[in-house]
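1. predicted structure and sequence below. I'll ask about it afterward.
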Amino acid sequence: MNDVMTALSARTSPLPQFIGAEIYRGSTYGPWHPLRVPRVSTVMDLSRALGWLPPAQFITSPRAKTAALTGYHTAAYLAALQAAEAAQTVSDAVRARHGLGTPSNPVFSEMFRRPATAAGGSLLAGELLKNGGIIYSPAGGTHHGLPDRANGFCYLNDPVLAIQSLRRNGAQRVAYVDIDAHHPDGVEHAFAQDPDTLLISTHEANRWPRTGAITDQGAGQVFNLPVPAGLHDDDMALILHELILPAVTAFRPDAIVLQCGADAVLEDPQSRLCLSNNAHWAVVAALRDIAPRYLVLGGGGYNPWSVGRLWTGVWAVLNDHEIPDHLPDQATGVLRALRWDGAPKRLQPQDHWMTTLRDAPRHGMIHDAVRSGVAQLKPRIVGA
Ligand SMILES: [Zn+2]
């Protein structure tokens, strides 16, 4: 038995666990914000409509206590965030220092409780994975949060808290893989100099937050691959097989955290990447059996149909459920009930958004920038 098999056999929980909560249903960052759309509630409803979410696999996310958040965030920031939720307003000084009450991180009614619930899920995941297993928390993945300030729609950084929790619970070496359209600046900030945390990110070049240069090395374990507009499934397959899998495998992680942001698909309004959801599912599947602990988080994703379909498919992949070509009525009902006020003109709802989970694959010639970027990073993989 090789090491991976030994590690996998240590898993005590045979079924993947889904961490969710009702706080995400109906909560919104405001009528003009990209996060005005439902996301996690759609995944829960679709998964239940398909018979994929029995009570034995669902865990209601606890809300993190403030003290549990101080592993990454400052006490002053946490106090300001709670005060802002209570008062539903912030002073100019708080806005300037902590980034609260801004267009991207507005004051809204659950502005502490909602991210603290996602963070509670990530902290719990680290504990539940102590003896191995697979956990999916689509509300997680808020990878831009900084210690003392909100950033990029993120109030808290639950991926950082998840990695800290995994480490407290026995996972020394953690591989963090991030396929969101945006660079995880908050996670790199936390772990760039930690040789026990592998950081791999693909993100659209020249897009906010404009961090994540290919030349970043951290302690030698930081791999940033900026990708060109138009990135398609064949590009991502090359990245997966030539960069992500060799790097993760060579690292011999005790745990893998995948941030599976859904904003790199063609129908998302916040990027110019053109993946289909098949690309994300391929990454989810490929990373599933490499380490004894596997935590899959959400992230970006601003088209209510594409994010709901993609993230429900992630749960199917984790459970080996076959994805039907056509959804049953109860599931199409969930999708037909969604609304997207202020949708961009190019993204008017299409019929297959209502009746399927799987997109048509998006093939193409490999972009030169993808090939050259992978070639530049590959020699840095230790042992490859
Ligand atoms: Zn993003």
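-> Ah, there it is. Numbering: from 1, shown residues only.

2. check contacts around residue 316.
-> The contact partners of residue 316, by CB atoms under 8 Å, 6 or more residues apart in numbering, come to 50, 52, 322, 323, 357. (Each C-beta comes from the backbone N, C-alpha and C, glycine too.)

3. that's a helix at it, yeah?
-> Yes - assignment of residue 316 by DSSP: H, G, I helix; E, B strand; the rest coil places it within a helix.

4. show the pLDDT at it.
-> In the predicted model, residue 316 carries a pLDDT score of 98.

5. one more: residue 9?
-> Among the per-residue scores, residue 9 holds a pLDDT of 49.

6. try residue 26
-> pLDDT, residue 26: 89.

7. that one: how many residues sit nearby?
-> Using other CB atoms under 10 Å, residue 26 has 9 neighbouring residues.

8. ok, it to the ion distance?
-> Plainly put, residue 26 is 22 Å away from the ion if you go by CB to the ion, to the nearest Å.

9. residues contacting that residue?
-> By CB under 8 Å, 6+ apart, the residues touching residue 26 are 38, 41.

10. re earlier: between the contacts of residue 316, which is nearest residue 273?
-> Taking CB to CB as the measure, residue 357 is the one of these closest to residue 273, at 19.6 Å.

11. so that closest one sits right up against residue 315, yeah?
-> No - with contact defined as CB atoms under 8 Å, residue 357 and residue 315 do not form a contacting pair (10.2 Å).

12. quick revisit: export the contacts of residue 316 to JSON lines and tack on secondary structure and pLDDT?
-> What follows is the contacts of residue 316, written out as JSON lines (DSSP: H, G, I helix; E, B strand; the rest coil; pLDDT from 0 to 100):
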{"residue": "50", "secondary structure": "coil", "pLDDT": "98"}
{"residue": "52", "secondary structure": "coil", "pLDDT": "98"}
{"residue": "322", "secondary structure": "coil", "pLDDT": "98"}
{"residue": "323", "secondary structure": "coil", "pLDDT": "98"}
{"residue": "357", "secondary structure": "coil", "pLDDT": "98"}
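
13. among those, which ones are buried?
-> Neighbour counting over these (16 or more other CB atoms under 10 Å) leaves 50, 52, 323, 357 as the buried ones.

14. quick one: low-confidence ranges for the stretch 251-384 of the chain?
-> Across the stretch 251-384 of the chain, the ranges flagged by pLDDT under 70 are 383-384.

15. got a markdown table for the buried ones among the contacts of residue 316, with distance to residue 206 too?
-> Written out in a markdown table, the entries for the buried ones among the contacts of residue 316 read as follows (distance: CB to CB, whole Å):
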| residue | distance to residue 206 |
| --- | --- |
| 50 | 38 |
| 52 | 38 |
| 323 | 34 |
| 357 | 31 |
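
16. between those, which is nearest the ion?
-> Minimum separation from the ion among those (CB to the ion) is found for residue 357, which lies at 21.0 Å.

17. please name the residues that touch that closest one.
-> Contacts for residue 357 (CB under 8 Å, 6+ apart) come out as 46, 277, 309, 312, 313, 316, 323, 324, 327.

18. pull out the buried members of those residues.
-> Applying a neighbour-count criterion of 16+ other CB under 10 Å, the buried members of the contacts of residue 357 are 46, 277, 309, 312, 313, 316, 323, 327.
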